[in-house]
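J.: Below are the sequence and a predicted model; questions follow.
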Amino acid sequence: MPAVAMSAMPTTEVLKQQIVDETILSPRFYTTDFAALDRIDVGPVRDEWEVLLAQMEADPNRLHFRRRDRFTGIVEALEPDVRDEFIAFLLSSMTSEFSGCIFYSEIARRTTNPDIRRLMRLLTRDESRHAGFIRDSLKDAGLPISLDFLTRAKKHHYFRPKFILYATYLSEKIGYARYIAICRHLEAHPENNFHPLFDRFEEWCNDEYRHGEAIALLIRADPKLTRGVNRLWIRFFLVSVYATMYCRDHMRPALHRAMGLDITNYDYQVFKICSDISRQVFPILLDTDNPKFRDAMEAMRLASLRLEAAREKAGLRKLIARAGASAAVGWAFLRLLSVRTKANALPARVLHPATW
Ligand SMILES: [Fe+2]
Ligand SMILES: [Fe+2]
């Protein structure tokens, strides 16, 4: 019966293919100039650095990711559209945590800078726990997936060291903002809390918050990284990260409905949290409340849907559809980049408590 076939749980092989497809579309494995990372000097931020790393070494979440119970039967019982989008959400979260773990551990292995090695080992410890926790949740749903195959199969993309700093800072902080926004929403609406994983989000995202704090210190240790042409690079990374999140979240309507979240409102709330946090390190902030920004973001979403639809076509039709959609994506990106930003005076102290 087709209805039953449509609602069957996906197989591990299908999910692995999903991961491969997604990693091809948005590469998650990076490499960089390790010698340049060796030259980073945390001297200018040494006081704050020692405070933060001591906190991380105290390992406040040591016991948090130990599971007291199995999560069996929960994913399987969800409505099929919610279940499939939730599994996709778990897979992409696990891939991000895992790729972070691999990259940080590679830096820890190759660097000769003791400060960087000390930090990277702590980051590796946390990301490995995070990825493992999601992996176990999938296993409880009858979907055992090891991501080791990705490290063998995937090409690593080269990123200049300063780009690594901007991108990892943003990914840690937006990860915090995404988890804490869901966490606060589900505290107010417990009826929408459909998986025990959400109960772990607060301490989980505090790990991500601390990771972002450490990268913020690395950026602030070198004043050049927030001046001159680098202001444009920061703007570019902010727009890229925000637009990617907005387009991706809108592709999961059932999951957000099940959590009781309006996707657009949720995303703008996440942008606001992330922008507020980034006052510690970025000399400019995106004006995400500006109607021009919001219109351009919607144009970006529609263009990315066209790009997605073009993939289904074949031959010349595919080429034409893809060229048109790519041009629309590029134009929407330029519109987002052209919205006037807000200036931000960097505070003398970098670290800020996680108060969201
Ligand atoms: Fe993480
Ligand atoms: Fe992290």
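T.: Noted; the coordinates are in hand. Ligands and ions are numbered 1, 2, ... in the order given.
J.: Could you list the residues of the stretch 51-200 of the chain in contact with ligand 2?
T.: residue 172 (Cβ under 5 Å from the ion). In short, each C-beta sits where N, CA and C put it, glycine included.
J.: The same query, at a cut-off of 8 Å, please.
T.: For the stretch 51-200 of the chain, the residues in contact with ligand 2 (Cβ under 8 Å from the ion) are 97, 100, 123, 126-127, 130, 171-172, 175.
J.: Which members of those residues are the farthest-apart pair?
T.: Using Cβ to Cβ, those span at most 13.6 Å, a distance reached by 126 and 171.
J.: which other helices and strands contact the helix or strand hosting residue 265?
T.: Residue 265 belongs to helix 263-277 when assigned by DSSP states H and E. Packing partners of helix 263-277 (3 or more Cβ pairs under 8 Å, 6 or more residues apart in numbering; DSSP states H and E): helix 161-188, helix 230-249, helix 253-259.
J.: Tell me which strands the helix or strand following it pairs with, and in which orientation.
T.: Per DSSP H and E, helix 263-277 leads on to strand 284-285 as the next helix or strand towards the C-terminus. As defined by DSSP bridges, the strand partners of strand 284-285 come to strand 342-343 (antiparallel).
J.: The helix ranked longest in the chain relative to helix 161-188, how many degrees between them?
T.: Assignment by DSSP state H gives helix 80-110 as the longest helix of the chain. Our comparison of helix 80-110 with helix 161-188, counting by axes from the mean of the first three to the mean of the last three Cα atoms, to 10 degrees, yields an angle of 140 degrees.
J.: Mind giving me the packing neighbours of whichever helix or strand comes after helix 80-110?
T.: Next along the chain after helix 80-110, taking DSSP H and E as the criterion, comes helix 114-140. Contacts defined by 3+ Cβ pairs under 8 Å, 6+ apart place helix 114-140 against helix 46-58, helix 80-110, helix 201-220.
J.: In the chain, where is pLDDT below threshold?
T.: For the chain, the stretches with pLDDT under 70 are 1-7, 15-16, 18-28, 152-154.
J.: What residues does it have near ligand 1?
T.: So the chain meets ligand 1 at 96-97, 100, 126-127, 130-131, 172, 175, 204, 207-208, 211 (Cβ under 8 Å from the ion).
J.: As JSON lines, these with neighbour count would be great.
T.: Putting the residues of the chain next to ligand 1 into JSON lines (neighbours: other Cβ atoms under 10 Å) gives the following:
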{"residue": "96", "neighbour count": "18"}
{"residue": "97", "neighbour count": "24"}
{"residue": "100", "neighbour count": "25"}
{"residue": "126", "neighbour count": "22"}
{"residue": "127", "neighbour count": "24"}
{"residue": "130", "neighbour count": "23"}
{"residue": "131", "neighbour count": "21"}
{"residue": "172", "neighbour count": "25"}
{"residue": "175", "neighbour count": "24"}
{"residue": "204", "neighbour count": "25"}
{"residue": "207", "neighbour count": "26"}
{"residue": "208", "neighbour count": "25"}
{"residue": "211", "neighbour count": "25"}
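J.: ok, so of the residues you listed, who is nearest residue 306?
T.: When the residues of the chain next to ligand 1 are compared against residue 306 (criterion: Cβ to Cβ), the nearest one is residue 96, at 25.8 Å.
J.: hang on, isn't that closest one packed against residue 171?
T.: Yes. Counting by Cβ atoms under 8 Å, residue 96 touches residue 171, with 7.3 Å between them.
J.: which ones are touching residue 171?
T.: 96, 100, 241 (Cβ atoms under 8 Å, 6 or more residues apart in numbering).
J.: swap in residue 76?
T.: Contacts were defined as Cβ under 8 Å, 6+ apart; by that measure residue 76 touches 9, 83, 141-142.
J.: Same question for residue 182.
T.: 198, 201, 259, 261.
J.: among those residues, which two are most distant?
T.: It's 201 and 261 that sit farthest apart of the contacts of residue 182, by Cβ to Cβ, at 13.5 Å.
J.: and residue 263, how many neighbours?
T.: 18 (other Cβ atoms under 10 Å).
J.: swap that for residue 280, please
T.: If you count neighbours by other Cβ under 10 Å, residue 280 ends up with 21.
J.: picking that back up, quick check: the farthest pair among the contacts of residue 76?
T.: Distance extremes for those: the farthest pair is 83 and 142 at 11.8 Å, using Cβ to Cβ.
J.: Tell me the residues that contact both of those two, please.
T.: Common contacts of residue 83 and residue 142 (Cβ under 8 Å, 6+ apart): 9, 76.
J.: With neighbour numbers in mind, choose between the two.
T.: Counted by other Cβ under 10 Å, residue 83 and residue 142 do not tie: residue 83 has more neighbours, with 21 against 13.
J.: Let me have the residues of the stretch 51-200 of the chain next to ligand 2 in CSV, extended by distance to residue 292.
T.: Converted to CSV, these look like this (distance: Cβ to Cβ, whole Å):
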residue, distance to residue 292
97, 35
100, 33
123, 37
126, 38
127, 37
130, 37
171, 26
172, 29
175, 27
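J.: Quick one: neighbours of residue 72, just the number.
T.: Residue 72 has 11 neighbours, counted by other Cβ under 10 Å.
J.: Work out for me the element it sits within.
T.: Judged by DSSP H and E, residue 72 forms part of no helix or strand.
J.: Let me know how buried the closest residue in space to it that isn't next to it in sequence is, in neighbour terms.
T.: Counting by Cβ to Cβ, 6 or more residues apart in numbering, residue 140 is the residue found nearest to residue 72 once chain neighbours are left out, at 4.9 Å. By other Cβ under 10 Å, 19 other residues sit near residue 140.
J.: ditto for residue 121
T.: 16.
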